[in-house]
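Undergrad: I'll drop the sequence and a predicted model, then ask my questions.
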Amino acid sequence: MTSTRPILLFILFLNLTMSDATEIQLQITGVRGQEDVVAESDKSTSRADGTAAAAAAAAPLPPVSSQRLRWWAVVLANIVFVLGGQSVATLLGRIYYDQGGGSLWLATVVQSCGAPLAVPLLLYFRRPEASPVARPPLLKIAAIYAGLGVLLAGDNLMYSYALLYLPLSTYSLVCATQLCFNAVFSYFLNKERFTALVLNSVVLLTFSAALVGVSHSSEETNSSVPEGKFALGFVLALSASAAFALILSLMQLTFDTVLRSNAAHAVLELQLWSNAAASCVSVAGLFISGEWSSLTAEMDGYKKGEVAYGMTLAWTAISWQLATMGMVGLVATVSSLFTNVISTVGMPLSPIMAVIFLGDRMDGAKVIAMLIGIWGFLSYVYQHYLDDAKSKNTAGSADVTQTSEAKL
C-alpha cells in the first residue's frame, strides 16, 4: 500500500495538469475565436465602407449644367430689363421735352422715384435668418447707400441736361462711352483684367462717340433741341457716362467686399435704398431750384394733355426702375463691366426708335458710328465667351479629378 501511494499521487498530478492544460487550451481557443469574429467583423465593415465609397464615387455628381442654366436664366432676365427699360425710358424722356416739358429736376426725379416698386420683391426675397454671411454694420451700410444715392442724383441730373441739349440718336451714341470709363474703373477698383479684345472694344467705342461729336449738324433733327447747346450737352453726356461707370464699379465693390453676397435680397436692398437716397436729393433740388412752382403750368401746357403728361412721367419712372433692377442684378451676378456692355447694346435701339418716333435724322456718320459701336460690343462679348468656355473647362477638369480621388 505504501508503495502504491507515490504512483497514485503521480497519476493525480497528471490528471490535474491535463485538466489545466485543457482549460487553458479552451480559453486560448475562445480568445482566438473572438479575435476571428472581430477580424471578420472588421473585414465586413471594411468591405461595406469600400462598397459605400465605390457607390459614392459611382453616384452622379450634382448637376452643374442645371445650375449653369439657372444662372443664365437670371442673367438673361436682367438683360431684358436693362435693354427694354433703358430704351423706353430714354425715348419717353425725349418725348417729355418735345411735348412741352422743361423741368430738369423733375426729369431727374423720375429716374429714381420708382424705388418703392422694389418693396414687394424685397418682401418676397427676404434675407434668410440663418445666413452664413454676417450682416455688415448698419451705419456702414447706410453711409454706402447714401453715398451711392448722391452720386446717382448728380448723374441723373447730368443725363437730364444732356438729353435736353442733344438729339436722342446723338445722346445714345455718346453715352456708349460709359463702357470705356467702366473698363478703366473696373481695372483699378474691381481688378478686372485687360485683354486685347477688351482694349479693342474700348477703343472702338471711343472712336464711335468721337465720330458723332465731330459730325454734328444743327439740322439733323426735328426735335425741340435748344440751339447752341450741343457742346454743353456733349460734355455733360460724357461726364454722366463717366459718373455712371464709377457708380457701377462702386456697386460691384460693395457686393464683393461689404455685402459679400449677390443674392436677390442684397440686390433689391441696394437698388431700393440707393434710389431712395437719390430721390430725396432730387426732390430737394426740385424745391430749392423753384421749379416745383411751375409744374402746374407745365402740365396745363403739355401738348398731348394732362393725362399724357402724367402717363409719360409714370412710365418713365417704371422703365428706369426696371433698367436699374437689371443693371444692379447684372453687377451682382456678373460684373460692372459686363453690365455696361449690355447697356451699350441698347445703343442701336435708341437711335432707331428716335428716327421712327421723333423724326431724328440718321446720316452716314451716325450709321458708321453705330456699326463701329456694335463691333466694339461684339468684341467684348466674344471675350466673355472665351472666359466662360475657359471656366467650363476648368470646372470639368476639377470634377474629373474629384471623381478619380473618390474612386481611389
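TA: Ah, there it is.
Undergrad: touching, Leu272 and Val119? I think so.
TA: Yes. Leu272 lies in contact with Val119 (C-beta atoms under 8 Å); the separation is 6.8 Å. Yep, even glycine has a C-beta here, placed from its N, CA and C like the rest.
Undergrad: of these two, which one has the most company?
TA: Leu272 (22 against 11; other C-beta atoms under 10 Å).
Undergrad: please, where are all the helices along the stretch 151-300 of the chain?
TA: For the stretch 151-300 of the chain, applying DSSP state H, counting those that start in this stretch gives helices covering 168-175, 178-189, 196-214, 230-254, 264-289, 295-300.
Undergrad: need those helices in JSON lines with distance to Val331, can you?
TA: Formatted as JSON lines, those follow (distance: least, C-beta to C-beta, whole Å):
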{"stretch": "helix 168-175", "distance to Val331": "18"}
{"stretch": "helix 178-189", "distance to Val331": "10"}
{"stretch": "helix 196-214", "distance to Val331": "17"}
{"stretch": "helix 230-254", "distance to Val331": "5"}
{"stretch": "helix 264-289", "distance to Val331": "8"}
{"stretch": "helix 295-300", "distance to Val331": "34"}
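Undergrad: point out the most buried one among these.
TA: Most buried of the helices of the stretch 151-300 of the chain, by mean neighbour count (mean count of other C-beta atoms under 10 Å): helix 168-175, with a mean of 28.
Undergrad: does anything pack onto that helix? Which helices or strands?
TA: With contacts taken as 3 or more C-beta pairs under 8 Å, 6 or more residues apart in numbering; DSSP states H and E, helix 168-175 sits against helix 64-98, helix 138-165, helix 196-214, helix 230-254, helix 349-357, helix 364-407.
Undergrad: which one of these is the most hemmed in?
TA: Taking mean count of other C-beta under 10 Å, helix 230-254 is the most buried of those, at a mean of 22.
Undergrad: so how far is it from its chain's centroid?
TA: Remark: helix 230-254 is offset 19 Å from the chain centroid, using C-alpha atoms, centre = their mean, to the nearest Å.
Undergrad: quick one: it to helix 138-165, angle?
TA: 160 degrees (axes from the mean of the first three to the mean of the last three C-alpha atoms, to 10 degrees).
Undergrad: pLDDT weak spots in the stretch 51-200 of the chain?
TA: Counting by pLDDT under 70, the ranges of the stretch 51-200 of the chain that qualify are 51-65, 129-131.
Undergrad: picking that back up, averaging pLDDT over each of the helices of the stretch 151-300 of the chain, which comes out lowest?
TA: Mean pLDDT per stretch puts helix 196-214 lowest among those, at a mean of 76.
Undergrad: just give the nearest non-adjacent residue to Val80, would you?
TA: Once flanking residues are discounted, Val80 sits nearest to Gly326: 7.2 Å by C-beta to C-beta, 6 or more residues apart in numbering.
Undergrad: quick one, what contacts the one you found?
TA: The contact partners of Gly326, taken as C-beta atoms under 8 Å, 6 or more residues apart in numbering, are Ala77, Asn78, Ile79, Val80, Phe81, Val82, Leu83, Gly85, Ile342.
Undergrad: turn those residues into CSV, columns for distance to Ala153.
TA: Shown next, in CSV, are the contacts of Gly326 (distance: C-beta to C-beta, whole Å):
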residue, distance to Ala153
Ala77, 27
Asn78, 23
Ile79, 26
Val80, 27
Phe81, 22
Val82, 20
Leu83, 24
Gly85, 19
Ile342, 23
